[in-house]
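Participant: fold the following, please.
(2 chains)
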There are 2 protein chains.
Amino acid sequence: MDEGDRVLCESPTYLAAISAFKAYGATFTEIRTDENGMLPDDLEKQLERYPDTKLIYVIPDFQNPTGRTWSLERREQLAALSARYGVAVVEDNPYGELRFEGEFLPAVKSFDTAGNVLCTGTFSKIFCPGYRIGWIAGEKAVIEKYILAKQAVDLHSNTLAQREIARYLELYDIDTHIETIRETYRKRCDLAVETMRAAFPAGVTFAKPEGGLFLWVELPEAVNAREVLEACLAQNVAFVPGGPFFPNGGRENTLRINYSNMPDDRIVEGLGRIGQVLRDFVEA
Amino acid sequence: MDEGDRVLCESPTYLAAISAFKAYGATFTEIRTDENGMLPDDLEKQLERYPDTKLIYVIPDFQNPTGRTWSLERREQLAALSARYGVAVVEDNPYGELRFEGEFLPAVKSFDTAGNVLCTGTFSKIFCPGYRIGWIAGEKAVIEKYILAKQAVDLHSNTLAQREIARYLELYDIDTHIETIRETYRKRCDLAVETMRAAFPAGVTFAKPEGGLFLWVELPEAVNAREVLEACLAQNVAFVPGGPFFPNGGRENTLRINYSNMPDDRIVEGLGRIGQVLRDFVEA
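Facilitator: Down below sits the predicted model:
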């Protein structure tokens, strides 16, 4: 990424990816996105419009912040468009293992005939957060360049942390662990959705995700989620306002809720408080 | 650092810093350097010549790769020139605690009246290598920007690793540990120097450092350390060729030796083998 290089991304997309690209002066074009992923017509239109596009950045599984998952067809279409226009794709997949409903879908990378797709994963969401250890899959020539770039950033990832994770994988069955957290998150997601349905006022909408960590909430257009957050903080409860997930701004009437990290009673209590604050705003 | 921004650095300087700056397209001017640090006359001359200099990068304590330590006077002069020309300094100090001879000297940062100096440290050389946990000291306004930039790179440092180190500092006396490794390195350095004096041929020069991890060796000008390395690898012994520590190239007749990581018998055996190979090159 150099100053002015263009990234095509979902709308909204992951906040920290926006920050990472912006640090290098990237420009963003948000592709229109529905509950099945990027709209291929809009993606193709923007690829035509910006032939110098540097990168398409996507999170096809239980996206951060929306919790949405791309359909099989959209994955194939993205891989095909990437091949046709010769544009690289970063398929960011931290949450893919955390599916608690529906069927696992193949990665965009699995449809990558042109070698354009880089696929990334992390131990943060399946082993322990905070380790800063993940993996990346891509063409050998690209990975060789990636290694050089990463060496310039940090020489190497934490060696002790790598040994800790390697030892865990050797001694324990991570799939059993994932099964446990998947079940935990499924229950918490169910409870969160049930609580929100009861506590949130009419005009506030959200969809139930099939996995991952997040619920995406849309408020009536006139309501600013940052103001709602301030009122919620006074009640000792918080969420992440949705505006910053749109790299070009706007959509301040959105917010992201995380259900994975709290025990049942606090999910009910916390979402109840948010619901009360929302009623003050929406019914005012 | 943007494309073409200029860094003034010691000659030679730390390889991974060169890589980090080069990744952003930096240009380097190597300042003439003797056993007491950068020559202030040459530093001032280059600051006059390049008024848009972005950064002065230095390692004043037991420098990597030379093992050299700046004198008190040179530290004061650097801080004064940085203030006069309004140029930022990064004072990289991973090895400062590892002094086994002479007196500790104050950091360049301690003479920083203009708030231009950023001073960095790490647990890698005093606690355990590989953790990727360190610290940075500087003006509040600069550190605030630094935090934003770091967030864009990694969100945060490994939280578990931070807790491990914090717990270590709470339960143990790190100064006692440093005393132990300092004594170990002093003995290994003594042994390495003694072995090199006996085993290395005339025309090969090196100075005994007062601390740190490294010995810097200069070969006769016609000898290429990369070729020496190849011959040494055939004898199962290695060092780091010095050429890449000069950002603008040249000086292939230099090399860096590490004495901190090997037990006594292997130091003697390894340096003896290197000496034998060097005799083949130098006396050929």
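Participant: need the residues of the stretch 151-284 of chain A near chain B, please.
Facilitator: Residues of the stretch 151-284 of chain A found near chain B (Cβ under 8 Å from any Cβ of the partner chain) are A:Gln151, A:Ala152, A:Val153, A:Asp154, A:Leu155, A:His156, A:Ser157, A:Asn158, A:Thr159, A:Leu160, A:Ala161, A:Glu164. In this view, the C-beta of every residue, glycine as well, is placed from N, C-alpha and C.
Participant: tabulate the residues you listed (TSV), appending pLDDT and neighbour count.
Facilitator: Compiled in TSV, those are given as follows (pLDDT from 0 to 100; neighbours: other Cβ atoms under 10 Å in any protein chain shown):
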residue	pLDDT	neighbour count
A:Gln151	93	14
A:Ala152	92	17
A:Val153	91	13
A:Asp154	92	14
A:Leu155	93	14
A:His156	94	12
A:Ser157	95	16
A:Asn158	96	21
A:Thr159	95	13
A:Leu160	94	17
A:Ala161	95	22
A:Glu164	95	19
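Participant: just the ones of the residues you listed in helices?
Facilitator: Counting by DSSP state H, these place A:Gln151, A:Ala152, A:Val153, A:Asp154, A:Thr159, A:Leu160, A:Ala161, A:Glu164 in helices.
Participant: where does pLDDT dip in chain A?
Facilitator: Within chain A, not a single segment meets pLDDT under 70.
Participant: related to what we said a few turns ago, nearest to A:Arg32, of the residues of the stretch 151-284 of chain A next to chain B?
Facilitator: Checking these against A:Arg32 with Cβ to Cβ, the nearest one is A:Val153 at 33.3 Å.
Participant: buried residues in the helix or strand encompassing A:Leu229?
Facilitator: According to DSSP states H and E, A:Leu229 maps onto helix A:225-233. Buried residues in helix A:225-233, counted by 16 or more other Cβ atoms under 10 Å in any protein chain shown: A:Ala225, A:Val228, A:Leu229, A:Ala231, A:Cys232.
Participant: again, but for stretch A:182-197
Facilitator: Here stretch A:182-197 shows A:Arg182, A:Tyr185, A:Arg186, A:Arg188, A:Cys189, A:Leu191, A:Ala192, A:Val193, A:Thr195, A:Met196 as buried, counting by 16+ other Cβ under 10 Å.
Participant: assign the third one to helix, strand or coil.
Facilitator: Going back to what we said before, that points to A:Arg186. helix (DSSP: H, G, I helix; E, B strand; the rest coil).
Participant: after the helix holding A:Leu229, which helix or strand is next?
Facilitator: Using DSSP H and E, the first helix or strand after helix A:225-233 is strand A:240-241.
Participant: who touches the next helix or strand after that following strand?
Facilitator: Next helix or strand after strand A:240-241 toward the C-terminus (DSSP H and E): strand A:254-258. Defining contact as Cβ atoms under 8 Å, 6 or more residues apart in numbering or on different chains, one finds that strand A:254-258 is touched by A:12, A:64-66, A:192, A:196, A:206, A:213-219, A:225, A:228-229, A:239-243, A:245, A:271, A:274.
Participant: how far does strand A:254-258 sit from the chain's center?
Facilitator: Computed by Cα atoms, centre = their mean, to the nearest Å, the chain-centroid distance of strand A:254-258 equals 12 Å.
Participant: kindly export the next helix or strand along the chain from that strand (C-alpha atoms) in PDB.
Facilitator: Downstream of strand A:254-258, the first helix or strand assigned by DSSP H and E is helix A:264-282. Listed next in PDB are the C-alpha coordinates belonging to helix A:264-282 (Å, rounded to 0.1, in the frame of the first residue of the first chain):
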ATOM      1  CA  ASP A 264     -25.800 -15.300  30.900                       C
ATOM      2  CA  ASP A 265     -27.100 -13.000  33.700                       C
ATOM      3  CA  ARG A 266     -24.900 -10.200  32.600                       C
ATOM      4  CA  ILE A 267     -26.000 -10.600  29.000                       C
ATOM      5  CA  VAL A 268     -29.600 -10.200  30.100                       C
ATOM      6  CA  GLU A 269     -28.900  -7.300  32.500                       C
ATOM      7  CA  GLY A 270     -26.600  -5.500  30.000                       C
ATOM      8  CA  LEU A 271     -28.800  -5.800  27.000                       C
ATOM      9  CA  GLY A 272     -31.800  -4.800  29.100                       C
ATOM     10  CA  ARG A 273     -30.000  -1.600  30.100                       C
ATOM     11  CA  ILE A 274     -29.100  -0.900  26.500                       C
ATOM     12  CA  GLY A 275     -32.700  -1.500  25.500                       C
ATOM     13  CA  GLN A 276     -34.000   1.000  28.100                       C
ATOM     14  CA  VAL A 277     -31.600   3.600  26.800                       C
ATOM     15  CA  LEU A 278     -32.600   2.900  23.200                       C
ATOM     16  CA  ARG A 279     -36.300   3.300  24.100                       C
ATOM     17  CA  ASP A 280     -35.400   6.800  25.500                       C
ATOM     18  CA  PHE A 281     -33.800   7.700  22.200                       C
ATOM     19  CA  VAL A 282     -36.200   6.000  19.700                       C
END
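Participant: quick one: list the elements packing against helix A:264-282.
Facilitator: Helix A:264-282 sits against helix A:174-199, helix A:225-233, with contacts defined as 3 or more Cβ pairs under 8 Å, 6 or more residues apart in numbering or on different chains; DSSP states H and E.
Participant: and that helix, what's buried?
Facilitator: Those would be A:267-268, A:270-278, A:281-282, for helix A:264-282 by 16+ other Cβ under 10 Å.
Participant: and A:Asn261, how far from B:Cys119?
Facilitator: For A:Asn261, the distance to B:Cys119 (Cβ to Cβ, to the nearest Å) stands at 37 Å.
Participant: sorry, slip of the keys, the one I care about is A:Trp216.
Facilitator: For A:Trp216, the distance to B:Cys119 - Cβ to Cβ - is 43 Å.
Participant: repeat that for A:Asn224.
Facilitator: Where B:Cys119 is concerned, A:Asn224 sits at a distance of 42 Å (Cβ to Cβ).
Participant: many thanks, we can stop here.
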